[in-house]
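J.: Need coordinates for the following:
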Amino acid sequence: MKKLIFLCLIFFTFSLLNLAEEEDLLKGNSSINPKRLSRGQEGKVVIKLTIKKGITIKPQPSFIIEFYPSEELVFPKNFFTASDLEIEILEEDGEEYLDLKDPIEIPFTVSLEAKRGSHVLEGKVKYFAFSKEEGWCLKSSSKFRASFYTRSTIVKKKL
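T.: Numbering: from 1, shown residues only. Down below sits the predicted model:
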């Protein structure tokens, strides 16, 4: 009997996790600012995160934004954590969560070898979602993408 209850509990847990994964717990809307860039120019990726009602995003064990390799854009790092991005940690009823109401801005420089034309930057946000009401925590990720255009002109840096 205990074995049957244990198996039912495992089945219920996996069903709940699959249901949570199928829903969009966190959506990333991203854009490049400015949209048209010259070689050597600096810009920012702006990511606006939308979180499903009743869900919070935990600061630990990790919140990471990473970019897929891009020949056109050069970032200071390959990935960025909540502390790198100075995202505020809020607390409610003893539970910590990230304050993601404001857009996240990540700087970059356009490569001097960037090809002229339209490009797409892709990346993903890795996070731990928490539902206090339903009593679960889930490790997941959400992909995002932003289009931009690079010119053949080169921006000279000011001395």
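
J.: Which parts of the protein are strands?
T.: 26-33, 36-39, 42-51, 56-57, 64-67, 73-74, 79-81, 89-92, 95-98, 104-110, 117-131, 136-154 (DSSP state E).

J.: how about low-confidence regions in this protein?
T.: Low-confidence segments of the chain (pLDDT under 70): 1-23, 157-159.

J.: Spatially central, which residue of it would that be?
T.: The geometric centre of the chain, computed from its C-alpha atoms, lies nearest to Val125 (CA atoms, centre = their mean), at 2.6 Å.

J.: Contact partners for that residue?
T.: Contact analysis of Val125 by CB atoms under 8 Å, 6 or more residues apart in numbering lists 26, 28, 47, 49, 63-65, 141-142, 144. In this view, the C-beta of every residue, glycine as well, is placed from N, C-alpha and C.

J.: Excluding chain neighbours, give the residue nearest to Ser118 in space.
T.: In space, and not counting its chain neighbours, Ser118 is closest to Tyr149: 5.3 Å by CB to CB, 6 or more residues apart in numbering.

J.: again but with Ile32, I slipped
T.: Phe148 (3.9 Å).

J.: In this structure that neighbour contacts Arg116, no?
T.: No - the pair Phe148 / Arg116 is not scored as a contact, 11.9 Å apart, by CB atoms under 8 Å.

J.: neighbour count winner among those two?
T.: More neighbours surround Phe148 than the other of Phe148 and Arg116, with 22 against 13 (other CB atoms under 10 Å).

J.: What is the neighbour count of Arg145?
T.: Arg145 has 13 nearby residues by other CB under 10 Å.

J.: and the closest residue to it other than its chain neighbours, how far is that from Tyr97?
T.: Ranked by CB to CB, 6+ apart and with sequence neighbours excluded, the top spatial neighbour of Arg145 is Glu122, at 4.6 Å. From Glu122 across to Tyr97, the span is 26 Å (CB to CB, to the nearest Å).

J.: For these two, work out which one has more neighbours and name it.
T.: Between Glu122 and Tyr97, counting by other CB under 10 Å, Tyr97 is the more crowded of the two (19 against 13).

J.: my guess is the more buried one meets Gln60, correct?
T.: No - with contact defined as CB under 8 Å, Tyr97 does not reach Gln60; the gap is 10.4 Å.

J.: quick one, what contacts Ser62?
T.: Going by CB under 8 Å, 6+ apart, Ser62 touches 81-82, 126, 128.

J.: And those residues, which of them are buried?
T.: Buried members of the contacts of Ser62, counted by 16 or more other CB atoms under 10 Å: 82, 128.
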